[in-house]
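Q: Fold the stuff below for me.
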Amino acid sequence: LAGVFVLTQVPAVRASVLVEPQLLDAVFGRPSLSVIVLVWAYAANAVVNRVVAAVNEEGGRFDFAPVFSNVWTLAVLLGSVGTLLWLWGIEITPLLGAAGVAGIAVGFAAKDTVANFFGGIALYFDDTYKIGDYIVLDDGTAGTVIKVGVRSTTLLTRDEVLVTVPNATLNASKVTNE
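A: Residues are numbered from 1 along each chain as shown. Reported below is the predicted structural model:
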C-alpha cells in the first residue's frame, strides 16, 4: 500500500493514468495512509505487549508490567486516532483543549490514586524492600511483604493478618527493614 501511495504522488505516473488526480488521491491517498497508520499502531502495540507478557512471565518484585501495557495501548490509540483525524482534515485543536481540561479535572479527582502510583514507582526505584522482607513502619505497623502493587503494598503480620498500606504512605514514612 505504501508503494501505491508513493506512485500516486509522482506527477509522471499521475499524468499517464487516465483517472483524475483527485480520484487517485481519494482512493489511494488518505485511505492508504489510514491503513498504514492502523497497521503501524497495531504492530507497535503488539510488540510492546509481547515484551510485557515476557517480562510478566519471568516474574518480578512489582506488577507494573500490566500498567505499562495499558498506558502504552492508550498512548498508541490516542496517537493513531489523532493522526487519522489530522489525515482526514478534521480539526483536532478543540478536542485537545477539551482533553486538557478533562485531564485537570481527572487529576484533581484521582489525586490519592496518582500519589499512590508515583509512590509505588519511587519504591520500585529506591529498592527499599522486596517480597519476603519484614518491615516496620514508623506508626508501628509491621509485617512481611507479600505483595507490592502499583497502588499499595500488602503486609502479613505475625498474627496472620493482612494489612494493605498505600504506597504514598510507605513513601512518606520511615521504613525499617529487619
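Q: Domain boundaries for this structure, per the record?
A: What automatic domain parsing lists as the domains of the chain is 2-109, 129-177.
Q: Could I get the pLDDT score of the closest residue to G82 other than its chain neighbours?
A: Closest residue in space to G82, ignoring its immediate chain neighbours: I92 at 5.9 Å, by C-beta to C-beta, 6 or more residues apart in numbering. In this view, the C-beta of every residue, glycine as well, is placed from N, C-alpha and C. I92 carries a pLDDT value of 83.
Q: Hmm, I92 is touching T83, no?
A: No - using C-beta atoms under 8 Å, I92 makes no contact with T83, being 9.6 Å away.
Q: Which of those two has more residues huddled nearby?
A: Neighbour tally, I92 and T83, criterion other C-beta atoms under 10 Å: the higher count belongs to T83, 18 against 14.
Q: Which secondary structure elements does the host helix or strand of the more buried one sit against?
A: Secondary-structure assignment from DSSP states H and E places T83 in helix 65-87. On a contact count with 3 or more C-beta pairs under 8 Å, 6 or more residues apart in numbering; DSSP states H and E, helix 65-87 meets helix 30-58.
Q: Run the angle between the helix it packs on and helix 65-87 for me.
A: Orientation check (axes from the mean of the first three to the mean of the last three C-alpha atoms, to 10 degrees): helix 30-58 against helix 65-87 gives 170 degrees.
Q: circling back to that earlier point, next, the residue nearest to G82: phi, psi?
A: Note on I92: its backbone torsions stand at phi -110, psi 0 [degrees, to the nearest 10].
Q: swap in Y134?
A: Main-chain torsions, Y134, degrees, to the nearest 10: phi -100, psi 120.
Q: what's across from it in the sheet?
A: T144 (DSSP bridges).
Q: quick one: it and E178 touch, right?
A: Yes - counting by C-beta under 8 Å, Y134 does reach E178; the two are 4.7 Å apart.
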